[in-house]
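Visitor: missing the sequence, but the structure's below:
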């Protein structure tokens with residue numbers, strides 16, 4: 001892969017041209033989740049099998065009898081993407097032992113689920129597959145709520161966000177708990193590689209994806225997925241929202257390889273968190289004191305991450 005660059009002029013000739021998710025699908029205009037998947041599967045290439053849980057990406061890509069996928073793809077239940085991917089991986093191992101599958105052919109086995117299908121209903125299946133050390137990559141497309149079924153809160157919904165099941169009002173700020181730190185829960189399984197990624201930084205995302213796909217053993221990618229429908233931001237702002245999430249420290253980009261955490265990039269002078277919150281209707285109800293509290297939480301979480309990265313780098 002080419003080195004990371006923010007010069008968008010060079011991207012057309014740096015990125016693989018082949019699209020594995022077909023144009024003309026039924027995604028909402030400005031969908032950041034689909035943008036992330038397009039980039040991730042450019043990095044994966046054609047030798048890939050996808051196990052996709054129920055969710056936005058399944059609904060928009062597979063209206064019977066059609067499909068938007070140009071690689072082998074199967075729809076699985078909401079909670080078991082990791083289990084099915086583990087079964088696919090085990091099946092290919094058996095076929096190799098029987099001489100019915102090329103021994104030297106590397107296949108990317110990928111499980112996809114949203115934050116609801118990962119942080120909530122699918123967490124036990126994911127944990128089990130990681131613990132059993134299946135050779136696959138799990139991708140969580142995190143749009144911070146159950147968007148496909150009506151914008152209900154999930155444990156990945158950030159503090160202060162309004163959803164249909166955590167509505168803001170006179171007695172409620174909206175979501176009253178902090179976002180579950182799922183990448184660190186995954187890191188506790190001591191898998192060989194995991195990373196957070198954002199399609200607003202395509203080369204960083206694709207470099208991380210290729211490293212995940214090339215690593216033997218379970219790997220995990222947590223993809224920031226801006227949702228104009230659920231977050232109520234303009235449809236042309238998905239890339240900008242992603243950059244603001246990183247630049248404010250709301251969604252830090254980092255990787256954990258061999259148990260050591262590295263932030264990439266470290267944001268020395270982070271933007272105020274209000275710049276990320278302001279364009280989104282789900283935060284429109286917040287008072288100045290609420291924004292101050294969110295800023296405090298973001299600062300605290302980011303500084304904790306920096307301290308761990310510095311500690312890991314010194315070992």
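Guide: Looks like it came in fine. Source: prediction; values computed, not measured. Residues are numbered from 1 along each chain as shown.

Visitor: What ranges does the stretch 201-315 of the chain have for its helices?
Guide: Secondary structure of the stretch 201-315 of the chain by DSSP state H, counting those that start in this stretch: the helices cover 202-214, 228-231, 238-248, 274-277, 288-314.

Visitor: How far away from the center of its chain is the fourth one?
Guide: So the one you mean is helix 274-277. 20 Å (CA atoms, centre = their mean, to the nearest Å).

Visitor: which other helices and strands contact it?
Guide: Other helices and strands packing on helix 274-277, by 3 or more CB pairs under 8 Å, 6 or more residues apart in numbering; DSSP states H and E, are helix 238-248, helix 288-314. (Each C-beta comes from the backbone N, C-alpha and C, glycine too.)

Visitor: run the last query once more with 7 Å
Guide: helix 238-248 (3 or more CB pairs under 7 Å, 6 or more residues apart in numbering; DSSP states H and E).

Visitor: Quick check: buried residues in the helix it packs on?
Guide: Using 16 or more other CB atoms under 10 Å as the test for burial, helix 238-248 gives 238, 239, 241, 242, 243, 244, 245, 246, 247, 248.

Visitor: Pretty sure the third one sits against residue 226.
Guide: Yes. Taking CB atoms under 7 Å as the definition, residue 241 is a contact partner of residue 226 at 4.5 Å.

Visitor: sorry, back to before: quick one: closest of the helices of the stretch 201-315 of the chain to residue 42.
Guide: helix 202-214 (6.5 Å; CB to CB).

Visitor: Which strands or helices does the closest one pack on?
Guide: Where contact means 3+ CB pairs under 7 Å, 6+ apart, helix 202-214 is packed against helix 32-44, strand 193-197, strand 219-224.

Visitor: Tell me which of the ones you listed sits most buried.
Guide: strand 219-224 (a mean of 26; mean count of other CB atoms under 10 Å).

Visitor: Direction included, what does that strand pair up with?
Guide: Under the criterion DSSP bridges, strand 219-224 sits next to strand 137-142 (parallel), strand 193-197 (parallel) in its sheet.

Visitor: The longest one: what's the following helix or strand?
Guide: Downstream of strand 137-142, the next assigned helix or strand under DSSP states H and E is helix 182-187.

Visitor: So for that following helix, what gets flagged as buried?
Guide: Result for helix 182-187 [16+ other CB under 10 Å]: buried residues 182, 183, 186, 187.

Visitor: Outside of that helix itself, list whatever touches it.
Guide: 118, 119, 130, 140, 156, 194, 196, 220, 222, 256 (CB atoms under 7 Å, 6 or more residues apart in numbering).

Visitor: Just give the nearest non-adjacent residue to residue 19, would you?
Guide: residue 38 (6.5 Å; CB to CB, 6 or more residues apart in numbering).

Visitor: just checking, the one you found touches residue 23?
Guide: No. Between residue 38 and residue 23 there is no contact under CB under 7 Å: 9.8 Å.

Visitor: Now do the same contact list for the residue positioned nearest the centre of the chain.
Guide: Nearest residue to the geometric centre of the chain (CA atoms, centre = their mean): residue 223, 1.9 Å. When contacts are counted by CB under 7 Å, 6+ apart, residue 223 touches 36, 40, 139, 140, 141, 142, 197.

Visitor: can you check residue 51 too?
Guide: Counting by CB under 7 Å, 6+ apart, residue 51 touches 74, 76, 81, 84, 85, 88, 110, 111.

Visitor: tell me which element the fifth one falls in.
Guide: In this structure, residue 85 is located in helix 81-97 according to DSSP H and E.

Visitor: Any chance you could list what contacts that helix?
Guide: 49, 51-53, 76, 101, 103, 107, 109-113, 117, 122, 125-126, 129, 132, 134-136, 138.

Visitor: Check stretch 203-218 too.
Guide: 1-2, 4-5, 14, 39-40, 42-44, 108, 129-130, 133-137, 191-193, 195, 197-199, 219, 221, 253, 255, 264.

Visitor: cool, and stretch 263-276?
Guide: By CB under 7 Å, 6+ apart, the surrounding residues in contact with stretch 263-276 are 204, 244-250, 252-255, 291, 294-295, 298, 305-306, 309.

Visitor: Buried ones in it, by neighbour count?
Guide: Buried positions in stretch 263-276, judged by neighbour count with 16+ other CB under 10 Å: 263, 264, 270, 273, 276.

Visitor: Let's have the residues you listed in TSV, adding pLDDT.
Guide: Shown next, in TSV, are the buried residues of stretch 263-276 (pLDDT from 0 to 100):
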residue	pLDDT
263	97
264	90
270	97
273	98
276	98
